[in-house]
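Visitor: what's the 3D shape of this:
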Amino acid sequence: MSVNPAALTGQFEAATTQPTAPNTRINEQLLNFNFNQNRITLKCRLYIVKALLFRAWDSNGKADPYIKICLNNDVIIDDVKSRMHNTLEPIFGK
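Guide: Residues are numbered from 1 along each chain as shown. You can find the predicted model right below:
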């Protein structure tokens, strides 16, 4: 029995080619997307529960910790009025 090599070549190429994923076009669009011209607003939720191994700053060996959060040199949260006095392990999440 003889086999026609031309017939096998077409079947082999069809079997080895992988179909393109539908996400390929989307990934290419994201790579070419200019985020500087088209800003996206994202929300992030941050939970600060407790500080451990806090450094003592006061003369009595304790500290008065508070939360201050900065993003890109902008102060987002400055909670000085909720300062906790004379503690090295503050619990912020109440």
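Visitor: List the contacts of residue 35.
Guide: When the contact criterion is Cβ atoms under 8 Å, 6 or more residues apart in numbering, residue 35 has no partners at all. All C-beta spots, glycine's among them, are computed from the backbone N, C-alpha and C.
Visitor: Tell me the secondary structure at it.
Guide: Here residue 35 takes the coil state, with states given by DSSP: H, G, I helix; E, B strand; the rest coil.
Visitor: Helix or strand: which one has residue 24?
Guide: helix 23-32 (DSSP states H and E).
Visitor: same deal with residue 84?
Guide: Assigned by DSSP H and E, residue 84 falls within no helix or strand.
Visitor: Look at it and say how many residues are nearby.
Guide: 16 (other Cβ atoms under 10 Å).
Visitor: In space, what's closest to it - neighbours in sequence excluded?
Guide: Excluding its sequence neighbours, the residue lying closest to residue 84 (Cβ to Cβ, 6 or more residues apart in numbering) is residue 90, at 4.6 Å.
Visitor: confidence score at the one you found?
Guide: Predicted confidence (pLDDT) for residue 90: 85.
Visitor: again with residue 53
Guide: On the pLDDT scale, residue 53 gets 79.
Visitor: any idea how far residue 88 is from it?
Guide: Per Cβ to Cβ, to the nearest Å, residue 53 is found 8 Å from residue 88.
Visitor: Would you check how far apart the residue nearest to residue 84 and residue 25 are?
Guide: 51 Å.
Visitor: Neighbour count for the two, which is higher?
Guide: Legend: neighbour count by other Cβ under 10 Å for residue 90 and residue 25, higher for residue 90 (20 against 10).
Visitor: surely that one meets residue 49?
Guide: No. When contacts are counted by Cβ atoms under 8 Å, residue 90 is not listed as touching residue 49 (9.9 Å).
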